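A.B. asks: I'll drop the sequence and a predicted model, then ask my questions.
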2 protein chains.
Amino acid sequence: MKKAARVGPASLAEGVREGDARAIARAISLIEDNDPEAARLIGELFPHTGRALLVGLTGSPGTGKSSLVNHLARHYRAQGKKVGIIAIDPTSPFTGGALLGDRVRMQEHATDENIYIRSMATRGSLGGLARATGDAVLVLDAAGKDLILIETVGVGQDEIDIVRLADVTVLLLVPGLGDDVQTFKAGVMEIADVFVINKVDRGESERVERDLKAMLSLSRRQDGWQTPVVKTVATEGTGVEELAEAVERFNAYLDQNDLREQKRTERWQERLLDLIRQRALERVLEVAVGKESLARYAGQIARRERDPHSVVEELLRTAGVNRG
Amino acid sequence: MKKAARVGPASLAEGVREGDARAIARAISLIEDNDPEAARLIGELFPHTGRALLVGLTGSPGTGKSSLVNHLARHYRAQGKKVGIIAIDPTSPFTGGALLGDRVRMQEHATDENIYIRSMATRGSLGGLARATGDAVLVLDAAGKDLILIETVGVGQDEIDIVRLADVTVLLLVPGLGDDVQTFKAGVMEIADVFVINKVDRGESERVERDLKAMLSLSRRQDGWQTPVVKTVATEGTGVEELAEAVERFNAYLDQNDLREQKRTERWQERLLDLIRQRALERVLEVAVGKESLARYAGQIARRERDPHSVVEELLRTAGVNRG
């Protein structure tokens, strides 16, 4: 009888490991809320992770990521694989409404217990979307998903940080959408293991493909991988098989060349830096400043009574952060 | 004779304050390199800042920001104002070439000593582009620039962080470029104090304007400002006067409603959080891990021998970061 009453993190971890959708949902909510329980839960789940294949998909708004993810999920489900989807939610609190597509999508898969879909969004400046996404991926991994699809909108630093979680990264381009190969920001083209030109029925796709292949022929990846270009019409599911094959080819390439551990180590190094940054900030704020007085310091700086670097030095000293 | 030999930070600060272009360039390079001298220099310059009007301009690639910034700079120079421009450089190391427009631009203004143009780019994961840009703005401010134009490409979190430095933020949209009002990411629409629909000669601008005005009519800013929509053809300079007027109107609004100090305080609060995060990370890395061993920790995590949160706890303890 003692056991039955207990609903602590141990049973939550158990629930997650059994693949229970409600347990997964609760675990991810704890992560989103930056709840202290979340770190403990991840500690418990962590030894049971590292099995899922993580596939990141990114591209500008309107490139058709959601359609493609939807078709990919269906493809993997048809192979009997368990699928998790994390959609980084681009909804603006100002405009609203972008969740609609997600709800439609969830209805399609609602009766299938082997697919789990979750939208995530930034919560405040202390949030850290990449960190929360990384931990949510660990939850789905521990829950026994074979494939975890991580979908992000856009091509900024936050997307780069998020796709960096993935084993295989797919970058979508659409002809005539202003995302010319030349205009991509630093680091964006480099992250793609597979390129997709979507909506190839719209014309102009030959030019995009030519530009892309020209660029790829000029470059050489350190790991020797030759980035393939797959053409799709996501709304109709055309090219989805080819995309899944390209993903699988890169996955096999990672194993054949002993690259998987190396890549995961590099990624964990980035995530460690991010975690240290965040936890250290939390400690400094706890120890050296209350939430009220941070505004007071900011006011002094805004009025030019103090300079920002001397304020930060003082706060770090107070929090006991040593100089090297 | 003793004086003449001295070329330390004091004379660099003096050079900056005199508006000397070489001193400004050296100061910004120190900032980009995260040189310890940079913090001391900012400390010296800081009391002499806060006078310039900071105008941020952002928008997707291809919206014509550079043209518009160029025309704006010309407009302000014609009024006898001193202008600084910081262009956040979107050049990908993979594709190269995006600096070309900047060089062309610099040539146009090369003979004018009252305009200073600088491109900045991320340097490694420890870089912190928003922080470096913030300090570079302080340098131009101390150098006596009346207006500082900060130009960023894209609409991600890094751009939001950068435009957050500005007093007035201008967001560019272009008809038919896939950046529909509905698809903007969280936080992007909210940051605009002035909207610009550029390339209105390209058609479809009526739809964009209608969508934008519909969205604006549904929202109400806390500060009561009614965000204007300006139409431009940046390549021809059409609408630049109107844009400058809209910027000036918002600037006057800040003063009339005692909003400037409040807004600057809010922004300094964000920047303090960023600085604490970064400096604390640097200390933890100095004290608790050498660069080699961070990779070792990451390897242990990648092999699931340890979990990330316990590693971070240990590192913070070693660095003396107290629990609250």
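C.D. replies: Perfect, thanks for sending it.

A.B. asks: sec struct for residue A:227, please.
C.D. replies: coil (DSSP: H, G, I helix; E, B strand; the rest coil).

A.B. asks: what about chain A, any weak spots by pLDDT?
C.D. replies: A:1-10, A:89-111, A:122-127, A:154-160, A:177-189, A:290-292, A:322-324 (pLDDT under 70).

A.B. asks: Count the neighbours of residue A:226 for me.
C.D. replies: Residue A:226 has 9 neighbouring residues, counting by other CB atoms under 10 Å in any protein chain shown. C-betas here are computed from N, CA, C, even on glycine.

A.B. asks: Kindly list the main-chain dihedrals of it?
C.D. replies: Backbone torsions of residue A:226, given as degrees, to the nearest 10, read phi -100, psi 110.

A.B. asks: Heading C-terminal from whatever helix or strand residue A:58 lives in, find the next helix or strand.
C.D. replies: Element membership for residue A:58, per DSSP states H and E: strand A:53-59. Scanning forward in sequence from strand A:53-59 by DSSP H and E, the next helix or strand is helix A:65-78.

A.B. asks: just how off-centre is the next helix or strand after that next one within its chain?
C.D. replies: Note on helix A:65-78: by DSSP H and E, the next helix or strand toward the C-terminus is strand A:83-88. Centroid separation for strand A:83-88 versus its chain: 9 Å, with CA atoms, centre = their mean, to the nearest Å.

A.B. asks: Measure how strand A:83-88 sits relative to helix A:65-78, angle-wise.
C.D. replies: 170 degrees (axes from the mean of the first three to the mean of the last three CA atoms, to 10 degrees).

A.B. asks: Strand A:83-88 near chain B at all?
C.D. replies: No: counting by CB under 8 Å from any CB of the partner chain, chain B is not contacted by strand A:83-88; separation bottoms out at 9.3 Å.

A.B. asks: what's the single longest helix in chain A?
C.D. replies: helix A:260-288 (DSSP state H).

A.B. asks: Centre of the chain to that helix, how far?
C.D. replies: Averaging C-alpha positions (CA atoms, centre = their mean) puts helix A:260-288 16 Å from its chain's average.

A.B. asks: Let me know the angle separating it from helix B:260-288.
C.D. replies: Using the same axes, to 10 degrees: helix A:260-288 against helix B:260-288 is 120 degrees.

A.B. asks: Check which helices and strands helix A:260-288 is in contact with.
C.D. replies: helix A:129-142, helix A:308-318, helix B:260-288, helix B:291-302, helix B:308-318 (3 or more CB pairs under 8 Å, 6 or more residues apart in numbering or on different chains; DSSP states H and E).

A.B. asks: again, 10 Å this time
C.D. replies: Here helix A:260-288 touches helix A:129-142, helix A:157-163, helix A:240-256, helix A:291-302, helix A:308-318, helix B:260-288, helix B:291-302, helix B:308-318, going by 3 or more CB pairs under 10 Å, 6 or more residues apart in numbering or on different chains; DSSP states H and E.

A.B. asks: on that earlier part again, does anything pack onto the strand holding residue A:58? Which helices or strands?
C.D. replies: helix A:65-78, strand A:83-88, helix A:129-142, strand A:147-153, helix A:157-163, strand A:168-173, strand A:194-198, helix A:240-256.

A.B. asks: Of those, which is nearest residue B:293?
C.D. replies: helix A:129-142 (21.4 Å; CB to CB).

A.B. asks: Now the closest one - C-alpha only, CSV.
C.D. replies: The C-alpha trace of helix A:129-142 is given here as CSV (Å, rounded to 0.1, in the frame of the first residue of the first chain):
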residue,chain,number,x,y,z
LEU,A,129,14.7,27.0,-25.8
ALA,A,130,17.6,24.9,-27.1
ARG,A,131,18.3,23.6,-23.6
ALA,A,132,14.6,22.7,-23.0
THR,A,133,14.4,21.1,-26.4
GLY,A,134,17.5,19.1,-25.7
ASP,A,135,16.0,17.7,-22.5
ALA,A,136,12.7,17.0,-24.1
VAL,A,137,14.5,15.0,-26.7
LEU,A,138,16.1,12.9,-23.9
VAL,A,139,12.6,12.2,-22.5
LEU,A,140,11.3,10.9,-25.8
ASP,A,141,14.5,8.9,-26.3
ALA,A,142,14.1,7.3,-22.8
